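Engineer: Sequence and predicted structure, then a few things I'm wondering about:
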Amino acid sequence: ILNVEQSPQSLHVQEGDSTNFTCSFPSSNFYALHWYRWETAKSPEALFVMTLNGDEKKKGRISATLNTKEGYSYLYIKGSQPEDSATYLCAFIKPGGFKTIFGAGTRLFVKA
Amino acid sequence: EAGVTQFPSHSVIEKGQTVTLRCDPISGHDNLYWYRRVMGKEIKFLLHFVKESKQDESGMPNNRFLAERTGGTYSTLKVQPAELEDSGVYFCASSQEEAGAETQYFGPGTRLLVL
């Protein structure tokens, strides 16, 4: 059984705070890791697809790093804004098939 | 470019009835995925199509679920007969090439409630 764990489960921050979340996944048999931003009642929105150990990706104030050897990825948000409030999901894909295994997500609340 | 669309957006049915969900992927996307999220749980993979072929259907819960993608364009997911535990949000996603390392674009989901 493959487990993808995300922490924390939820996070409350003030506008302007920087924050980060963790996604842990099996370090063996890695193919790709996806990060999504998901607002309730909308579609999950792709943020990053990460495939190489040491990858760092950035999109505006959001960035992510990947460590496949130890099996974790961090998502960082710099200067959080209320519109960043959403659930952030990571999804792990192993080689040999493209079954995607999602974590339970980190629910971020940013207070103005 | 139109995104992934799903129909219906909501469906309320009684236990034992049949429901068919439809997904239209982004035009030209060979890879199509179905996922389900039961309330309070993670999004779970159901199956993956490449064009009209099922590549992986290991996530399908049981034989009450049937997915098709005739012609390799839109896909349907039929639940027959529906049970209470089938309630949840059914998402469809598509990607252009090389499933796994390509961005998957999600549809808005179909919210299914079985009473």
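Structural biologist: That came through fine. Computed from a predicted model, the values in this text were never measured in an experiment.

Engineer: contacts, neighbours, all on C-alpha from now
Structural biologist: Noted.

Engineer: Please spell out the segments of chain A that come in under the pLDDT threshold.
Structural biologist: Within chain A, the ranges that satisfy pLDDT under 70 run A:1-2, A:97.

Engineer: Spell out the residue ranges of the strands in it.
Structural biologist: With DSSP state E as the criterion, chain A has strands at A:5-7, A:10-14, A:19-24, A:32-38, A:45-50, A:56-59, A:62-67, A:72-77, A:86-93, A:100-102, A:106-111.

Engineer: so after the worst-scoring helix or strand of chain B on mean pLDDT, what's the next helix or strand?
Structural biologist: Ranked by mean pLDDT, DSSP states H and E, the weakest helix or strand in chain B is strand B:53-56, scoring a mean of 88. On the C-terminal side of strand B:53-56, the closest following helix or strand by DSSP states H and E is strand B:65-68.

Engineer: Show me what that next one packs onto, helices and strands only.
Structural biologist: strand B:75-79 (3 or more Cα pairs under 8 Å, 6 or more residues apart in numbering or on different chains; DSSP states H and E).

Engineer: Direction included, what does the least confident helix or strand of chain B pair against?
Structural biologist: If you go by DSSP bridges, strand B:53-56 pairs up with strand B:43-50 (antiparallel).

Engineer: Just the mean pLDDT for the partner strand, thanks.
Structural biologist: Per-residue pLDDT over strand B:43-50 has a mean of 92.
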